[in-house]
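Q: could you work out the structure for the sequence below:
(chains A, B, C and D)
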Protein chains: 2
Amino acid sequence: MILDSETKAVELPEDHGDELRLWLRLLTCTNLIEGAVRSRLRERFEVTLPRFDLMAQLDRAPEGMTLSDVSKRMMVSNGNVTGLVERLVESGHLDRRTSDSDRRVQVISLTKVGRAEFRKMAAEHETWIADIFSDLTPKDVRELMRLLAKAKGSAQRSATRRTG
Amino acid sequence: MILDSETKAVELPEDHGDELRLWLRLLTCTNLIEGAVRSRLRERFEVTLPRFDLMAQLDRAPEGMTLSDVSKRMMVSNGNVTGLVERLVESGHLDRRTSDSDRRVQVISLTKVGRAEFRKMAAEHETWIADIFSDLTPKDVRELMRLLAKAKGSAQRSATRRTG
DNA sequence: GCCAAATACTTGAAGTCTAAAGAAATCCGG
DNA sequence: CCGGATTTCTTTAGACTTCAAGTATTTGGC
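A: So this is what the prediction gives:
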């Protein structure tokens, strides 16, 4: 057995328990925070997390974004964005117009009302996040940023290996 | 202004941008991995992530779990678990029985088929996760585990402060 | 024992999400 | 400039999710 393991003559089931535990912890951590943010958004502003996220994307793009861009940025399906935008246009938070140069493309942007509401929510949202992470030192934050960036890169390369 | 800032006589808007960026990175990282796992589960086993997660919980509890326990562990609502279990019982992966000691309680457990199928999926799942994190050194993994544990604790204390 | 409170679960309405198929417009090789 | 490939978006079916309200059961104070 030791020989096998050293020579790699046969594939023994390797132990990947640590990676699995890391993944579960990452997931738990994210779900915990996501749940807190979700319920606070609902309580304080009666808005859902997906709507807030969509508005956050648009707040950074004053000239608007196409649905495809939003879809990529938010890492959700195209069809999902269609419905989400539908409801936000309906409620007066978003404007939507067909691109002049390409009639397939829909460009969406925040309305004045939408932007004002988002800014109010975002300011408070930022304090929630700060409170949630308040036990972390600045060094912890930097270190987490660094390691998560590395993990993200690793995951992306893994995805590339899979799909080509 | 400097005086104000030092004496804390007035509340200036503090900069929590780092924490916000950390949260966004955490979310991106998790979504990326979750998406990869989701599509692989679908491709290889035609199973959804929530079903896999539920079976994973039950695999660790040979004697079964109550719906409430599952709900807490998975951090999802009770109503959600009801539907999820419904479909897995339907497909023959889960057994469900009413507790003898408390007729409000439903105890669910994996069927023989369900357990066998899960074990097969879990083995492969573990290799996916290992591949996704393969650029991380063992030290990176340990460090991430430590920092995420700290972040989790911080988030939990934050939630406690909010709800009492 | 009785009854209010708490607990465990289900149901219902609305929203979010995916994958897959379809419609419309553009692109591009010939 | 034609026609197939590609891109962008919508639609559809089915699953998942939350919250809130409702049902059944147990618990605990009296």
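
Q: in stretch A:93-109, what counts as buried?
A: Residues of stretch A:93-109 classed as buried by neighbour count (16 or more other Cβ atoms under 10 Å in any protein chain shown): A:H93, A:L94, A:D95, A:Q106, A:V107, A:I108, A:S109. All C-beta atoms are positioned from the backbone trio N, CA, C, and that covers glycine.

Q: same question for stretch A:132-143.
A: For stretch A:132-143, by 16+ other Cβ under 10 Å, it's A:I132, A:F133, A:D135, A:L136, A:D140, A:V141, A:E143.

Q: distance of the residue sitting nearest the centre point of chain A from B:G35?
A: Taking Cα atoms, centre = their mean, the centroid of chain A lies closest to A:M74, which sits 5.6 Å from it. For A:M74, the distance to B:G35 (Cβ to Cβ, to the nearest Å) stands at 12 Å.

Q: so A:R73 makes contact with A:Q57?
A: Yes. With contacts counted by Cβ atoms under 8 Å, A:R73 reaches A:Q57, the gap being 5.3 Å.

Q: which of these two has more neighbours?
A: Between A:R73 and A:Q57, counted using other Cβ atoms under 10 Å in any protein chain shown, A:R73 has the larger neighbour count: 18 against 15.

Q: is it true that that one lies in a strand?
A: No. Counting by DSSP: H, G, I helix; E, B strand; the rest coil, A:R73 is not part of a strand but helix.

Q: report the contact partners of it.
A: A:R73 sits next to A:Q57, A:M65 when contact means Cβ atoms under 8 Å, 6 or more residues apart in numbering or on different chains.

Q: one more pass at 10 Å, please.
A: A:D53, A:L54, A:A56, A:Q57, A:L58, A:R60, A:A61, A:M65, A:V81, B:T28 (Cβ atoms under 10 Å, 6 or more residues apart in numbering or on different chains).

Q: do the helix or strand that the third one is a member of and DNA strand D meet at all?
A: Read it as A:A56. For A:A56, the host element (DSSP states H and E) is helix A:49-59. No. Figure legend: helix A:49-59 not in contact with DNA strand D (Cβ under 7 Å from any atom of the strand); closest approach 9.2 Å.

Q: which stretches of chain A have low pLDDT?
A: Applying pLDDT under 70 to chain A flags the ranges A:1-13, A:164.

Q: and the helices in it, which stretches?
A: Remark: helices assigned in chain A by DSSP state H are A:2-7, A:17-45, A:49-59, A:67-74, A:78-90, A:112-132, A:138-163.

Q: list the buried residues of the third one.
A: What that stands for is helix A:49-59. Judged by neighbour count (16+ other Cβ under 10 Å), helix A:49-59 contains these buried residues: A:P50, A:R51, A:F52, A:D53, A:L54, A:M55, A:A56, A:L58.

Q: relative to chain B, how far out is the closest residue to DNA strand D within chain A?
A: Across chain A, the shortest distance to DNA strand D (Cβ to the nearest atom of the strand) belongs to A:G79, at 2.4 Å. Relative to chain B, A:G79 is positioned 15 Å away (Cβ to the nearest Cβ, to the nearest Å).

Q: same question, A:W23
A: Distance from A:W23 to chain B, counting by Cβ to the nearest Cβ: 5 Å.

Q: returning to what we had before: can you list the contacts of A:R73 in TSV and add distance to DNA strand C?
A: Shown next, in TSV, are those (distance: Cβ to the nearest atom of the strand, whole Å):
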residue	distance to DNA strand C
A:D53	8
A:L54	8
A:A56	13
A:Q57	12
A:L58	15
A:R60	18
A:A61	18
A:M65	16
A:V81	8
B:T28	13
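
Q: got the contact list for A:E19?
A: B:E126, B:T127, B:W128, B:I129, B:A130, B:D131, B:I132, B:F133, B:S134, B:L136, B:P138, B:V141.

Q: compute the first-to-last residue distance for stretch A:92-110.
A: 9 Å (Cα to Cα, to the nearest Å).

Q: who touches that stretch?
A: In contact with stretch A:92-110 (Cβ under 10 Å, 6+ apart) are residues A:47, A:51, A:54-55, A:57-59, A:61-70, A:81-82, A:84-89, A:111-119.
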